[in-house]
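Novice: Just need the structure, nothing else, for what follows:
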Amino acid sequence: MIIVKTIEQTREVVRGWKAEGKTVGLCPTMGYLHEGHLSLMTASKKDNDKTVATVFVNPMQFGPTEDLAKYPRDLERDCRMMEAEGVDMVFAPEAEEMYADDFCTFVDMTGVSEGLCGRSRPVMFRGVCTVLTKLINIVCPDRMYLGKKDAQQLAVVRRMVRDLDFDLEVVGCPTVREEDGLAKSSRNTYMNPEQRQASRVLSRSLRAAQDAIAGGQTDSGQLTRLITKKLKEEPMSDIDYVEIVDGLSMQPVEKVRDGDLVAIAVRIGTTRLIDNFIVGDPLIETQQS
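Specialist: Residues are numbered from 1 along each chain as shown. Modelled structure (predicted):
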């Protein structure tokens with residue numbers, strides 16, 4: 001596995017692959033990897049001749065009061081995991097490599113990025129779109145792999161790729177969960193044991209909504225009230241949002257149908273957790289105790 005730190009090194013390696021007719025998959029991450037990240041790389045390995053993973057904690061998508069400084073980092077650990085997964089190259093730049101001192105060009109959008117997480121984290125998607133545009137231009141992948149746990153991010157990136165005519169396929173990979181149902185996230189490490197136990201309320205609440213939909217409930221208001229009630233049964237939960245939106249436009253819907261997104265964001269202590277499901281997808285498996 002090759003580990004590179006510069007844009008030019010990355011381009012040089014990829015140019016060699018492309019000259020040989022190889023296809024390239026891109027798995028962008030912010031590091032501190034878990035099984036969810038590795039599932040993206042597994043999917044890329046199946047679809048492409050070569051897989052590039054990036055490890056970059058992107059400062060542009062963190063607000064002034066957010067957790068950039070304490071975001072977990074362990075590049076050596078990450079590289080061991082990626083090498084075991086069969087990744088061909090890791091691009092792990094410093095911020096100075098990605099953003100010059102006088103950097104002043106950004107990629108932004110309206111509509112899809114404005115609700116849900118975009119409402120409470122207004123700078124995030126501009127940072128995501130800008131850094132992914134740079135990574136796409138650096139790596140020139142045939143396919144890029146993102147997790148469905150970050151469903152709004154996936155929708156934003158798909159719209160960006162469509163609107164700006166990037167020549168690649170965006171592949172969404174299923175959410176990977178802990179045995180008790182909690183969605184895998186690097187931020188899960190912030191929680192103490194009591195908070196980690198409390199966090200199980202997210203997947204339980206979503207599963208309750210899935211069961212209601214399976215039973216014939218289609219009213220968004222009724223479903224969001226059900227989820228909210230379930231979340232409030234856990235005293236440590238502080239709800240940011242509970243919303244049901246169109247899976248492509250991220251706009252609210254009154255009646256749910258297959259393809260719609262049921263999404264929540266909840267703080268447990270100081271840790272902000274997100275989770276969701278697509279209506280029509282397999283049920284979330286949870287432990288009730």
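Novice: Report the buried residues of whatever helix or strand Val170 lives in.
Specialist: Using DSSP states H and E, Val170 maps to strand 169-173. Residues of strand 169-173 classed as buried by neighbour count (16 or more other C-beta atoms under 10 Å): 170-173. For glycine as for every other residue, the C-beta is placed from the backbone atoms N, C-alpha and C.
Novice: Please enumerate the helices of the stretch 101-250 of the chain.
Specialist: Taking DSSP state H, counting those that start in this stretch as the criterion, the stretch 101-250 of the chain carries its helices at 117-120, 124-139, 151-163, 193-198, 200-214, 220-232.
Novice: Check the ones you listed for me: which has the lowest mean pLDDT.
Specialist: Lowest mean pLDDT of those: helix 117-120, a mean of 94.
Novice: how about that helix: buried residues?
Specialist: In helix 117-120, counting by 16+ other C-beta under 10 Å, buried: 117-118.
Novice: Can you name every helix or strand that that helix contacts?
Specialist: The contact analysis (3 or more C-beta pairs under 8 Å, 6 or more residues apart in numbering; DSSP states H and E) places helix 117-120 against helix 124-139, helix 151-163, strand 237-245.
Novice: To Ile7, which of these lies closest?
Specialist: Judged by C-beta to C-beta, the one of these that comes nearest to Ile7 is helix 124-139, at 5.3 Å.
Novice: about what we covered before: now the strand holding Val170, how far from the chain's geometric center?
Specialist: 11 Å (C-alpha atoms, centre = their mean, to the nearest Å).
Novice: That strand pairs with which strands?
Specialist: Strand 169-173 has its sheet partners listed here by DSSP bridges as strand 143-147 (parallel).
Novice: Just the CA trace of the partner strand, in CSV.
Specialist: Extracted C-alpha coordinates of strand 143-147, given in CSV (Å, rounded to 0.1, in the frame of the first residue of the first chain):
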residue,chain,number,x,y,z
ARG,A,143,-16.5,5.9,-8.7
MET,A,144,-16.7,7.5,-5.2
TYR,A,145,-18.0,5.7,-2.2
LEU,A,146,-20.0,7.3,0.6
GLY,A,147,-22.0,5.9,3.5
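Novice: mind putting the helices of the stretch 101-250 of the chain in a markdown table, distance to Ser39 included?
Specialist: Below are the helices of the stretch 101-250 of the chain laid out as a markdown table (distance: least, C-beta to C-beta, whole Å):
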| stretch | distance to Ser39 |
| --- | --- |
| helix 117-120 | 22 |
| helix 124-139 | 19 |
| helix 151-163 | 14 |
| helix 193-198 | 21 |
| helix 200-214 | 17 |
| helix 220-232 | 26 |
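Novice: Tell me which of those helices approaches Thr51 most closely.
Specialist: helix 124-139 (10.4 Å).
Novice: Name the surrounding residues that touch that closest one.
Specialist: Counting by C-beta atoms under 8 Å, 6 or more residues apart in numbering, helix 124-139 makes contact with 7, 10-11, 14, 24, 26, 28, 52, 54, 56, 58-63, 91, 98, 105-109, 113, 117-118, 144, 152-153, 156-157, 160, 164, 166, 168, all of which sit outside it.
Novice: what's around Lys184, how many residues?
Specialist: By the measure other C-beta atoms under 10 Å, the count of residues near Lys184 is 18.
Novice: For it, grab phi and psi.
Specialist: Main-chain torsions, Lys184, degrees, to the nearest 10: phi -60, psi 140.
Novice: hmm, back to that, out of the buried residues of strand 169-173, which comes closest to Ile244?
Specialist: Relative to Ile244, the closest of those is Gly172; by C-beta to C-beta it sits at 18.6 Å.
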